[in-house]
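Novice: starting from these lines, generate the structure:
(chains A and B)
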Amino acid sequence: MTTPPLVELDPTSGLTHRETPRAAGLLRRFARHRLALVGLALLVGLVLFCYLGPLLYVTDQVHTDLGAARLAPGSAGHPLGTDDLGYDTLGRLMVAGQVSLLIGVVAGLIATALGALWGAVAGYVGGWLDLVLMRVVDAGVAIPALFLLLVAATLVTPNTWVLALVIGGVSWLVPARLMRAETVTLRERDYVRALRVVGGGRARAVFRHILPNAIGTVVVAATFQIADAILLVAYVSFLGLGLQPPATDWGGMLSKGITYTYDSSWWLILPPGIAIVLVVCAFNFVGDGLRDAFEVRGRDR
Amino acid sequence: MTVSRPRHLTRALALLAVPLLAGLVLTGCAQSVRPHGGGNGVPVEGGSVSFALPPSATPNWILPIGMSGYTASYNSSIQSTMYPRLYAFGEVNGKLTMDEAAGAAKPPVYAADGRSVTITLNHLTWSTGTPVTSRDVEFWLNLIKANKKRWAGYSAGRVPDSITAFETVSADTFVLHLDKPYNQDWFTANQLTLITPLPQAVWDRTSADGPVGDFDRTPDGATAVFDQLVAAAKDLGSYGTNPLWQVVAGPFRLAQFTVDGQVTLVRNDRYTGPDPAHLDEVRFETFTSAAAEYNVLRAGGVDYGYLPVSNLGQRALIEAQGYQVTPWNGWAITYIPYNFNNPAMGAVFRQLYVRQAIQKSVDQAAITRVLWRGAATVGYGPVPQGVDSDYLSDQQRANPYPFDLDGARQLLTAHGWRPGDDGIAVCANAGGGADQCGPGVAEGTRLSMHILAESGSTETDGTMQELKSSLSKVGIELTISQQPLNSVLNATVPCQADEPGCDWQLSFFGTQGSWYFPADPTGDRLFATGSSANFGNYSDPLADELITKSTQEEANDAMRDYSAHLATDLPVIWLPNPAYQVSAIDSALRGVSQNPLANMAPQRWYWTR
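Specialist: Numbers count the residues shown, from 1 in each chain, chains lettered A, B, ... in the order given. Predicted coordinates:
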């Protein structure tokens, strides 16, 4: 079978076989979104803080030091103080951030990839397969992700990759619905119909035409999935079912810090709390910017 | 595109808002403080006291015969205010001694040959007006003999097996004939304290509305009576109304007992013994968590509560509210058992030098000071150290294995262990020689072990991380998994190497202390070969000999030898023993003695305000 030539079917319709905006236009529109730029700057800052920081500010985040436990910020060598086991809070914030970001990104990507493929297949094939696949999604959505996570966390000892896999595994349902809706509209586009007319296979349609044309939805969904995943990790750790010490993440740090609320140990609570808010906001701002950049209809096309 | 975002932001903000809001709410609560403290030191009769029960503790058993699943210390504390035991022990001038006023009998008199003991009862009266007699003790003994397997206090060979005959001398005097002579201090403190006179003239019936008789004198009858009492005790909702529980001989009687554990005791005006109550009423309050209790304490909602260790920094604030903050030290020890039968690590654990290296890696002073914030006492052996006693040996008191990481490393190096690429020691010289790893330890064995620890406690989490950290500096890898207390206890069982449940290596279940002793801290249940709570299958002929001596012979020498031997032979990893709780007691409430056996005597509490 030969691939039909990719031609513009109706120049006046504004619809092409690939609606992906050109990179330059995309960047221009993204750059016009100020919050998105702030989000991007925040993300870059946080990544540098977490990954470059420990190279410049070296601390021992493996061995406890009870002799230096719960020092207030500003104590010698500890600008942000220490926690109840003597770990330096600033250094721990960096190491914990690596874990939170890694789990968030990996889980977000897994959820988006799985969800996009599931939704695209359901939407494109339609019929009974669509019915079955989407009922599976409905059933999954009915069970709270946090509940599934807590069950999983009690069955296996969580480490970074297990948490990323499990969170990714319970978060793909919403992207699947989103992608299915997008696919149902794309499927009726002329170029997809043309492909069907000339006998193009389903796999080719999904992978070469549906998914690339829904890339905007996928990318935006991914940013929100990452933000969601970081929050879910924080929830699980906050409930005490996160990583095994001495590993930690921002949610775990926050959970531990809360114990000392009455002691006014704010340096154990605010830094990880603010970090979580910042990273989630940053991903959301970037997601907003990307959505606006991809969403071109009725704008400056 | 239909992606929405507000909920993500909301959730992120919510996560940060939870602690902030909690702080605001708690601050708000703290504004409405009920007055505490003051008082002029002069006793005032009457009044009521609210007492905070431990977190998640709900009293659920009124029958003064412990049954499996109903043995919590607060149950027996409440029971003994209504049904005094034959003997009670408490702390006097820092030492555990018999508390004669709290018991139902005068001190026991042993025969010269040690084969019988004569006991005379105090002049107590049941609330029906009839005196407490020898028959009431016989009633208890008959019930227990016929139903000993159902009684939580039963241990083969001990009471009631060791009592061969009950002889009534008079209405208030009886003789117990024993199967052999025992260490009399031990028998009084650990065996006679189990006996509680019960109101035979009311309870000796086989159905709720049947006639009273001498049914307990036949085994079948005793079983029927026991069944009837247990059935009534399982009906929590009827405690307040069932006339059975209104017949008491202690300084208090029951006024209210709800199914969710709220218990109210009121003064028993018909009490005729030497230890009457001063208060009109004592209310036992339940809490789902230590944090919940602390919030109420901050609001002044309890007269006798406790501070979670993580809130010990608030001590000055609580004291300024009119409370006296003082730790309640338990007659307990805390430890991590080694599973000597574990297929992978049992042979390693059997090497004394390995146990010594591990013990030298435990910085008990720092754990006590920093993690427990002083609310624990160091413990270097099998005898509790928080309360002074004649049982404690000088060796145990002096700590035979002080914290010394270099010393620990040298012990391993001297026995053929070399650091591997990952820093974990590997046996490089197998064999039984003095400079070799020891019998049964194969070459290439990594010094890596796993601990199953109790979850839910900041202090325990910290202790485990501290152990992991200091052991790693010596070349020992410790991996930790945490589960709820009941799961840890279920997994920590004595086992043989080829049994499926023998995969646990180390286990920790001592957030509130691993083991609470009766008055005499003998090791017959803990460290004797094959005993029921010897979880790690520790077996040492000398330890067995010393334990046997300590239960059968007079003098405390055997106990001190036992204390010294186990402090050096390390059947377990000794750890600091946490206080039962750090109490916050209204400073106008006096007469409070915090019994290390975790019992209390609210009849002696009185207000000075």
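Novice: all helices for the stretch 1-150 of chain A, in order.
Specialist: Ranges of helices in the stretch 1-150 of chain A, per DSSP state H, counting those that start in this stretch, are A:23-32, A:34-51, A:53-56, A:89-125, A:127-142, A:145-155.
Novice: where in the stretch 351-500 of chain B is pLDDT low?
Specialist: Within the stretch 351-500 of chain B, the set of residues satisfying pLDDT under 70 is empty.
Novice: got the domain boundaries for chain B?
Specialist: Using automatic domain parsing, the domain ranges for chain B come out as B:30-53+B:251-329+B:581-607, B:60-240, B:332-578.
Novice: the first one near chain A anywhere?
Specialist: Yes: remark: domain B:30-53+B:251-329+B:581-607 sits within contact range of chain A at B:294, B:310, B:311, B:313, B:314, by C-beta under 8 Å from any C-beta of the partner chain. C-beta coordinates here come from the backbone N, C-alpha and C atoms, glycine included.
Novice: closest to the centroid, which residue in the chain?
Specialist: Since no chain was named, I'll use chain A. By C-alpha atoms, centre = their mean, chain A has its centre lying nearest to residue A:226, at 1.1 Å.
Novice: chain B is the one I meant
Specialist: Nearest to the mean C-alpha position of chain B, by C-alpha atoms, centre = their mean, lies residue B:516 at 3.4 Å.
Novice: so what's the closest residue to residue B:199 other than its chain neighbours up against?
Specialist: Nearest residue to residue B:199, sequence neighbours excluded (C-beta to C-beta, 6 or more residues apart in numbering or on different chains): residue B:247, at 4.6 Å. By C-beta atoms under 8 Å, 6 or more residues apart in numbering or on different chains, residue B:247 lies in contact with B:126, B:127, B:128, B:199, B:202, B:203.
Novice: widest-spaced pair of these?
Specialist: The span of these, defined through C-beta to C-beta, is set by B:127 and B:203 at 13.0 Å.
Novice: ok, these two, which is more surrounded?
Specialist: Per other C-beta atoms under 10 Å in any protein chain shown, whichever of residue B:127 and residue B:203 has more neighbours is residue B:203, with 21 against 18.
Novice: was I right about that one contacting residue B:230?
Specialist: No: counting by C-beta atoms under 8 Å, residue B:203 stays clear of residue B:230, with 11.6 Å between them.
Novice: list phi and psi for residue B:342.
Specialist: phi -60, psi 130 (degrees, to the nearest 10).
Novice: next up, the contacts around it.
Specialist: Here residue B:342 is in contact with B:349, B:497, B:502, B:503, B:504, B:505 (C-beta under 8 Å, 6+ apart).
Novice: identify the residue nearest the fourth one in space, chain neighbours excluded?
Specialist: The reference is to residue B:503. Spatial nearest neighbour of residue B:503, excluding adjacent residues (C-beta to C-beta, 6+ apart): residue B:342 at 7.0 Å.
Novice: likewise for the first one?
Specialist: Leaving out its chain neighbours, the residue that sits closest to residue B:349 by C-beta to C-beta, 6+ apart is residue B:338, at 4.1 Å.
Novice: what about residue A:243, distance to chain B?
Specialist: Distance, residue A:243 to chain B, by C-beta to the nearest C-beta, to the nearest Å: 12 Å.
Novice: so what's the backbone phi/psi at that residue?
Specialist: Main-chain torsions, residue A:243, degrees, to the nearest 10: phi -70, psi 150.
Novice: check the gap between the closest residue in space to residue A:122 that isn't next to it in sequence and residue A:205 for me.
Specialist: In this structure, residue A:122 finds its nearest non-sequential neighbour in residue A:133, 4.0 Å apart by C-beta to C-beta, 6+ apart. Distance, residue A:133 to residue A:205, using C-beta to C-beta, to the nearest Å: 16 Å.
Novice: quick one, strands of the stretch 401-550 of chain B?
Specialist: Here the stretch 401-550 of chain B has its strands, by DSSP state E, counting those that start in this stretch, at B:417-419, B:425-427, B:448-454, B:477-483, B:506-508, B:515-516.
Novice: chain A: which of those is closest?
Specialist: Closest to chain A of those is strand B:477-483 (C-beta to the nearest C-beta; 5.8 Å).
Novice: for that closest one, buried residues please.
Specialist: Buried positions in strand B:477-483, judged by neighbour count with 16 or more other C-beta atoms under 10 Å in any protein chain shown: B:477, B:478, B:480, B:482, B:483.
Novice: between those residues, which is nearest residue B:585?
Specialist: So of those, ranked by how close each gets to residue B:585 (C-beta to C-beta), first place is residue B:482, at 32.6 Å.
Novice: what is the burial count for the residue nearest to the closest one when sequence neighbours are not counted?
Specialist: Using C-beta to C-beta, 6+ apart and skipping residues adjacent in sequence, the residue nearest residue B:482 is residue B:455, 3.9 Å away. Using other C-beta under 10 Å, the number of residues around residue B:455 comes to 17.
Novice: kindly report the same for residue B:404.
Specialist: 16.
Novice: that one: what's it in contact with?
Specialist: Taking C-beta under 8 Å, 6+ apart, we find residue B:404 in contact with residue B:360.
Novice: now swap in the one 3 residues further on and tell me
Specialist: Applying C-beta under 8 Å, 6+ apart, one finds that residue B:407 lies in contact with residue B:360.
Novice: roughly how far apart are it and chain A?
Specialist: Taking C-beta to the nearest C-beta, one finds residue B:407 at 18 Å from chain A.
Novice: nearest residue to residue B:479 in space, please, no chain neighbours.
Specialist: residue B:450 (4.8 Å).
Novice: show me the contacts for the one you found.
Specialist: By C-beta under 8 Å, 6+ apart, the neighbours of residue B:450 are B:478, B:479, B:480, B:481, B:504, B:505, B:506.
Novice: returning to what we had before: Serialize the helices of the stretch 1-150 of chain A to CSV and add fields for mean pLDDT.
Specialist: Shown next, in CSV, are these (pLDDT from 0 to 100):
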stretch, mean pLDDT
helix A:23-32, 85
helix A:34-51, 95
helix A:53-56, 96
helix A:89-125, 93
helix A:127-142, 92
helix A:145-155, 80
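Novice: residue B:403 is nearest to which of these?
Specialist: Nearest of the helices of the stretch 1-150 of chain A (C-beta to C-beta): helix A:89-125, 25.0 Å.
Novice: that older thread, any idea how far the residue nearest to residue B:349 lies from residue B:424?
Specialist: Distance, residue B:338 to residue B:424, by C-beta to C-beta: 18 Å.
Novice: look at these two and report which has more neighbours.
Specialist: The neighbour comparison of residue B:338 against residue B:424 (other C-beta under 10 Å) goes to residue B:338, with 27 against 17.
Novice: can you pull out the low-pLDDT segments for the stretch 151-300 of chain A?
Specialist: By pLDDT under 70, the weakly predicted segments of the stretch 151-300 of chain A are A:240, A:296-300.
Novice: tell me the bridge partners for the residue nearest to residue B:349.
Specialist: With DSSP bridges applied, residue B:338 shows beta-bridge pairing to residue B:506.
Novice: would you agree it is in contact with residue B:355?
Specialist: Yes: under the criterion of C-beta under 8 Å, residue B:338 is in contact with residue B:355, at a separation of 7.1 Å.
Novice: overlap in contacts, these two.
Specialist: B:349, B:573.
Novice: that older thread, mind giving me TSV with the domains of chain B and columns for distance to residue A:265?
Specialist: Formatted as TSV, these follow (distance: least, C-beta to C-beta, whole Å):
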stretch	distance to residue A:265
domain B:30-53+B:251-329+B:581-607	8
domain B:60-240	32
domain B:332-578	12
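Novice: surely residue A:145 and residue A:231 touch.
Specialist: No: with contacts counted by C-beta under 8 Å, residue A:145 stays clear of residue A:231, the gap being 10.4 Å.
Novice: identify the residues contacting residue B:589.
Specialist: B:49, B:303, B:304, B:605, B:606, B:607, B:608.
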